[in-house]
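K.L.:
can you look at this prediction? I've put the sequence above it.
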Amino acid sequence: MRRGVMRVVALLIIQHAFADGSSTHRPRFTGGYSLIDRPRRPHRTHDDGISKKIARRNPFMNLRGGAVTTLDKVGSRIQSDVTAIQITIVEEWGKISSAVRLPSRRRRLHADKLDDVCTNFSAVMTGGEIDTAQLIKACRAHLSLVKSGGRALGLVAKDLECNVNKAEHVFKQSRGGGTLSSLLRNERDAGAHNGSELHEDSAAMGLLWIRRSLAFQCDLYSEIAQPGSSQPPKHAACRSYVKHLAPFHGWMLQKVFPASLTQMSSREAMVSKFAGVALDDLDSEVDREVSRKLKSLVSIWRPLIDVWESDFERLGLEDVRRV
Ligand SMILES: *[C@@H]1O[C@H](CO)[C@@H](O)[C@H](O)[C@H]1NC(C)=O
Ligand SMILES: *[C@@H]1O[C@H](CO)[C@@H](O)[C@H](O)[C@H]1NC(C)=O
């Protein structure tokens, strides 16, 4: 059921659009991303059923773009990563011996995405300030990790990506936004917002939602980082969702987001994805290694998120409206 999540999303959208009586209502992702792409030339796909039905009833809706495509890409990327890893393993091992299986010591080298995220984020804070360029770079590295986290993190990844794009776009065009606080202050002083009601396409809006997403993931990963925990990660995900995101989501997102999180598989499946190994190859050594790295990521994030939040509060930019 690759498209399980999207079926749920699609059904909710249909219900919502028709209950609303408005065919132009466009549910949004956090930070103003539209859940439904702009209308484009319809074309056929093998995922016929639901999207064709929707297109017939409401041509405005095009579920083929956005999240579906992204989830597909994530899927094929996992596949190609796995293949690449397998090829590397075979090649490297072939130099040493003709045996087929590798000791876990060699397999665990593949948690390199997680390593990139940790080292990138640990360079974000300099002298009590957040370095904007490094923050965006770290978010990009993280996005690549989240995308490899599977279907259950598909919406989290999509949301994160669109907010990182938004922040980066403004940052690249601005001058003197080297630190987060200077970027936010410049944008505010240029009259971008209406008080604490942030402009939809502002860097502040993107960065506010990136921070909320990281706070949500922080609590989730700190639970996943407990080896031997019998709690399924989807419970942690839902608890963390209620704490960090739900207060700012309208009813629509409050249905869609948790529904996607309940697709989350076992803790071991999540850990093996972060490790970049097949579930069958996950042994206790790899598990401990990934858990240790997730804990270190969480400990890098917590103080960063605190500074990030106090920058927003000090500048009066904490927009608490629901989307
Ligand atoms: C940051 O992440 C990128 C991948 O996005 C990686 O190539 C780079 O080496 C990382 N930088 C550091 C300092 O770890
Ligand atoms: C600015 O915010 C105030 C207070 O929420 C609101 O009444 C007003 O309509 C907003 N102005 C614009 C242009 O959005």
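P.N.:
Thanks, I have it. Ligands and ions are numbered 1, 2, ... in the order given.
K.L.:
neighbours of the residue of the stretch 201-323 of the chain found nearest ligand 1, how many?
P.N.:
Here the residue of the stretch 201-323 of the chain nearest ligand 1 is Ile300; by Cβ to the nearest ligand atom that distance is 12.1 Å. From N, CA and C alone the C-beta is placed, and that goes for glycine too. Ile300 has 21 neighbouring residues, counting by other Cβ atoms under 10 Å.
K.L.:
same question, His199
P.N.:
Using other Cβ under 10 Å, His199 is surrounded by 17 other residues.
K.L.:
where's it relative to ligand 1, distance?
P.N.:
According to Cβ to the nearest ligand atom, to the nearest Å, His199 and ligand 1 sit 28 Å apart.
K.L.:
these two touch, right, that residue and Ala192?
P.N.:
Yes - counting by Cβ atoms under 8 Å, His199 does reach Ala192; the two are 4.8 Å apart.
K.L.:
what helices or strands is the helix or strand where Phe274 lies leaning on?
P.N.:
Take DSSP states H and E as the rule and Phe274 turns out to sit in helix 267-275. Contacts defined by 3 or more Cβ pairs under 8 Å, 6 or more residues apart in numbering; DSSP states H and E place helix 267-275 against helix 112-122, helix 203-224, helix 284-314.
K.L.:
give me that answer again for 10 Å
P.N.:
Other helices and strands packing on helix 267-275, by 3 or more Cβ pairs under 10 Å, 6 or more residues apart in numbering; DSSP states H and E, are helix 112-122, helix 132-147, helix 203-224, helix 233-244, helix 284-314.
K.L.:
what residue ranges in the stretch 51-200 of the chain score low on pLDDT?
P.N.:
51-110 (pLDDT under 70).
K.L.:
tell me what angle the helix or strand hosting Ala157 forms with helix 132-147.
P.N.:
Here Ala157, judged by DSSP H and E, is contained in helix 154-173. Orientation check (axes from the mean of the first three to the mean of the last three Cα atoms, to 10 degrees): helix 154-173 against helix 132-147 gives 160 degrees.
K.L.:
for helix 154-173, name the packing helices and strands.
P.N.:
Partner elements for helix 154-173 (3+ Cβ pairs under 10 Å, 6+ apart): helix 4-20, helix 66-96, helix 132-147, helix 180-189, helix 203-224, helix 251-261.
K.L.:
try it again at 8 Å.
P.N.:
Packing partners of helix 154-173 (3+ Cβ pairs under 8 Å, 6+ apart): helix 66-96, helix 132-147, helix 180-189, helix 203-224, helix 251-261.
K.L.:
please see if the second one touches ligand 1.
P.N.:
Right, the one you point to is helix 132-147. Yes - with Cβ under 6 Å from any ligand atom as the measure, helix 132-147 is seen reaching ligand 1 through 140-141, 144.
K.L.:
those, buried ones only, as a ChimeraX selection?
P.N.:
For anyone working in ChimeraX, the buried entries among those, judged by 16 or more other Cβ atoms under 10 Å, can be selected with:
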select :140,141
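K.L.:
give the burial count for Asp112, as a bare number.
P.N.:
Asp112 has 11 nearby residues by other Cβ under 10 Å.
K.L.:
neighbours of the nearest residue to it once chain neighbours are set aside, how many?
P.N.:
Setting aside the residues directly before and after it, Asp112 is nearest to Gly276 in space (Cβ to Cβ, 6 or more residues apart in numbering), at 7.2 Å. Using other Cβ under 10 Å, Gly276 has 24 other residues around it.
K.L.:
isn't the residue of the stretch 201-323 of the chain closest to ligand 1 right next to Thr119, touching?
P.N.:
No - in this structure Ile300 lies outside contact range of Thr119 using Cβ under 8 Å: 9.5 Å.
K.L.:
residues in contact with the residue of the stretch 201-323 of the chain closest to ligand 1?
P.N.:
118, 121-122 (Cβ atoms under 8 Å, 6 or more residues apart in numbering).
K.L.:
let's see that with 6 Å instead.
P.N.:
Ile300 makes contact with 121-122 under the criterion Cβ atoms under 6 Å, 6 or more residues apart in numbering.
K.L.:
give me the nearest residue to Leu317, chain neighbours excluded.
P.N.:
Once flanking residues are discounted, Leu317 sits nearest to Ala204: 5.2 Å by Cβ to Cβ, 6+ apart.
K.L.:
could you give the backbone dihedrals for the residue of the chain found nearest ligand 2?
P.N.:
Nearest residue of the chain to ligand 2, counting by Cβ to the nearest ligand atom: Asn194, 3.7 Å away. With angles defined as degrees, to the nearest 10, Asn194 sits at phi -110, psi 90.
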